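Participant: Structure here, sequence nowhere to be found:
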C-alpha cells in the first residue's frame, strides 16, 4: 500500500499545476516587526536542512523571478528584516510546481489596513517533496518541523501531506476537487488567502497539529488535551512558550475514501478542535461554498 499517492495534474497546455508534497505551515497573530528575526531563523534552519541549492529563485520587487545568488539572498534578508509587511517567495524552479518552496506573508497589524481585522495574521510555509520524506523518514521530518517551529510565536500550525498546487492559474484549484475528497489527509493550502481571516483559530486536524494560545489554554493545556485523546497512536508533546504539538501516528497518511481508509486518528482530534475550526470565507475556483464546507468538515461529518 502506497503511503503517498502520486498525483500529477496538468492543464490542457501541459503545465503541471498539482503534485503531491509535504507542507509545514505556521500562523502568527503578531506584527511582522515582532517576528522578523524568528522567521529569519526558521528560514535558515530550512535552508540548512534541504541545502541552500534547493532554493534557487526568488520574486523581485517587480514580480519577476530572479536567481537566488548571493545578491539575491542579501536582498531577501534585507526585505525580511527591514520591511514592515514583506511578502517572500523562494522556489527551486521559476516555472511549474516547485518541490522545495518557502513563502512568507508579513503584516503590520497596527496599520490602518489591519487594525480592525482580528483575523489578519503573518504566516509562513515550507515545502518538501515526498522523496525527502521517504529518504529521511518521518521522524526526521517531524524534528525538522519542530526546529522550524521553535523560534516562532505561532498561534497554530500544521504539517502534513498536501496538494502542492499553482492555485492562481486557471484550473489550478478546479483540478483538485475530485482528489481532495478521495485523499482527506492531504491538505489544500491557500496561504495568502488564509492570512486575512484565520486569526487565532486552527485549520483542522493534521499529522502534526501545532497549538498555541489561546486555543491550547482553552483546551485546558497540553496535559488536559492528552487526557481527552483515547488512541495510543496519538501523542501530545509540550513545547516552550505554552505551546504543544499533537502527532497522529508515525507517518503522515493521505487516507483513501475509495479504499475505506478514513483516518480515525484525524477524526478523533478534529472532534476536539471543532469549536476552534477556521472557516474559509470564499470558495476556491472550481469549488462551491458547499464543497469548501464539506472539505473543511471532512473528519467531522
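Facilitator: Ah, there it is. Here the structure is a predicted model, which is why all the values come from computation and not from measurement. Numbering: from 1, shown residues only.
Participant: Next, the buried residues of stretch 90-102.
Facilitator: Across stretch 90-102, burial judged by 16 or more other CB atoms under 10 Å covers 90-92, 97-102. Backbone N, C-alpha and C define where each C-beta goes, glycine included.
Participant: Do a quick rundown of the strands in the stretch 101-250 of the chain.
Facilitator: For the stretch 101-250 of the chain, the strands defined by DSSP state E, counting those that start in this stretch cover 101-105, 122-128, 156-165, 187-188, 208-211, 234-239, 243-248.
Participant: before we move on, the earlier item: next, format the buried residues of stretch 90-102 as TSV and append pLDDT, secondary structure and distance to residue 179.
Facilitator: Putting the buried residues of stretch 90-102 into TSV (pLDDT from 0 to 100; DSSP: H, G, I helix; E, B strand; the rest coil; distance: CB to CB, whole Å) gives the following:
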residue	pLDDT	secondary structure	distance to residue 179
90	96	strand	26
91	95	strand	23
92	94	coil	23
97	84	coil	14
98	88	coil	19
99	92	coil	18
100	96	coil	22
101	96	strand	20
102	97	strand	25
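Participant: so where's the stretch 151-300 of the chain shaky on pLDDT?
Facilitator: Where the stretch 151-300 of the chain drops to pLDDT under 70, the residues are 167-173.
Participant: For burial, what's the neighbour tally of residue 29?
Facilitator: By other CB atoms under 10 Å, the residues close to residue 29 number 22.
Participant: so what's it up against?
Facilitator: Each residue near residue 29 by CB atoms under 8 Å, 6 or more residues apart in numbering is listed here: 109, 120-121, 155, 199-200.
Participant: What of residue 210?
Facilitator: Going by CB under 8 Å, 6+ apart, the list of residues near residue 210 reads 26, 149, 154, 156-159, 243-245.
Participant: Recalculate using a threshold of 7 Å.
Facilitator: By CB atoms under 7 Å, 6 or more residues apart in numbering, the contact set of residue 210 is 26, 149, 154, 156-158, 243, 245.
Participant: hmm, back to that, among the contacts of residue 29, who's most crowded?
Facilitator: Most neighbours among these, by other CB under 10 Å: residue 121, with 27 neighbours.
Participant: May I have the predicted confidence score for residue 2?
Facilitator: pLDDT recorded at residue 2 is 53.
Participant: what about the helices in this structure?
Facilitator: 32-50, 70-82, 130-136, 138-149, 177-182, 191-194, 215-218, 221-228, 264-273, 289-296 (DSSP state H).
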